[in-house]
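In: got a structure for you, letters missing:
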């Protein structure tokens, strides 16, 4: 089993809709979790860190479930500018592991 | 401005010709790492460094070397490049990824083609 698994999609989302996806991980020693956004072949940029209590930043909500070993990202009121690949990232044992990303395409 | 700078950004080279991709950060970060990104495989860690003179292998270290003689620099060395090392490479740095909220900063990427 890969350390971090994501369904690559693409997720075609009508503008204004809500989209949610999960990322599962192995290795319960994982310490920190993040969501990064990557636009086509550009460098990834931090979207948000993920906390067990759940956290929200504007239209974005992230959640961590350590018991079931997954993190989630929810995007409300999708904008065209949200079209990107969202990377799930975990840190543990001094190493960062990335998922392959969820590709989101917001359609007018 | 917080920056991770990679050079070169684009390079076409021939098999066997040694090359170095430089990476420099201006944030006094302890943690630096190199990744390659290939279609369908996502970002895979090549090497990382927890601090000066401390380096370790990531998931795909074969064919690569690194050094960390100064805190700000973390060059990636391909002693004898082969076509399967054609990829998009990212350098990244962070204060310490152990703490949630410590952002990982990425360079803009280096497109490397080995023919």
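Out: The structure has been received and is ready for your questions. Computed from a predicted structure; not experimentally measured. Residues are numbered from 1 along each chain as shown, chains lettered A, B, ... in the order given.
In: so how far is the strand or helix carrying residue B:90 off the chain centroid?
Out: In this assignment (DSSP states H and E), residue B:90 forms part of strand B:87-94. Centroid separation for strand B:87-94 versus its chain: 4 Å, with CA atoms, centre = their mean, to the nearest Å.
In: which other helices and strands does it contact?
Out: When contacts are defined as 3 or more CB pairs under 8 Å, 6 or more residues apart in numbering or on different chains; DSSP states H and E, strand B:87-94 packs onto strand B:4-7, strand B:19-25, strand B:31-38, strand B:105-106, strand B:110-114. Every C-beta, even on glycine, is put in place using the N, C-alpha and C of the backbone.
In: show me which positions of the second one end up buried.
Out: Applying a neighbour-count criterion of 16 or more other CB atoms under 10 Å in any protein chain shown, one finds B:19, B:21, B:23-25 buried in strand B:19-25.
In: check contacts around residue B:48.
Out: A:94-96, B:31-34, B:55-56, B:58 (CB atoms under 8 Å, 6 or more residues apart in numbering or on different chains).
In: give me the buried subset of these.
Out: A:94-96, B:31-34, B:55, B:58.
In: nearest to residue A:5, of those residues?
Out: residue A:96 (15.5 Å; CB to CB).
In: residue A:23 sits in which helix or strand?
Out: Element membership for residue A:23, per DSSP H and E: strand A:19-25.
In: quickly run through the sheet partners of the very next helix or strand once past that strand, with directions.
Out: For strand A:19-25, the following helix or strand on the C-terminal side (DSSP H and E) is strand A:32-38. Strand A:32-38 pairs in its sheet with strand A:45-50 (antiparallel), strand A:84-92 (antiparallel), by DSSP bridges.
In: is it correct that residue A:62 is in contact with residue A:55?
Out: Yes. Here residue A:62 reaches residue A:55: they are 5.6 Å apart, a contact under CB atoms under 8 Å.
In: if we can go back for a sec, nearest to chain A among the buried residues of strand B:19-25?
Out: Chain A lies nearest to residue B:23 out of the buried residues of strand B:19-25, by CB to the nearest CB, at 12.1 Å.
In: what residues are bridge-paired with the closest one?
Out: With DSSP bridges as the criterion, residue B:23 is bridged to residue B:6.
In: what about it, distance to residue B:6?
Out: Look at residue B:23 and residue B:6: by CB to CB, to the nearest Å, they are 5 Å apart.
In: one more: residue A:106?
Out: Going from residue A:106 to residue B:6 by CB to CB gives 30 Å.
In: contacts for the lowest-mean-pLDDT helix or strand in chain A next, please.
Out: The weakest-scoring helix or strand in chain A, judged by mean pLDDT, DSSP states H and E, is strand A:95-98 (a mean of 84). For strand A:95-98, contacts defined as CB under 8 Å, 6+ apart pick out A:3-4, A:25, A:36, A:87-91, B:33, B:35, B:42-45, B:48, B:58, B:92, B:97, B:104.
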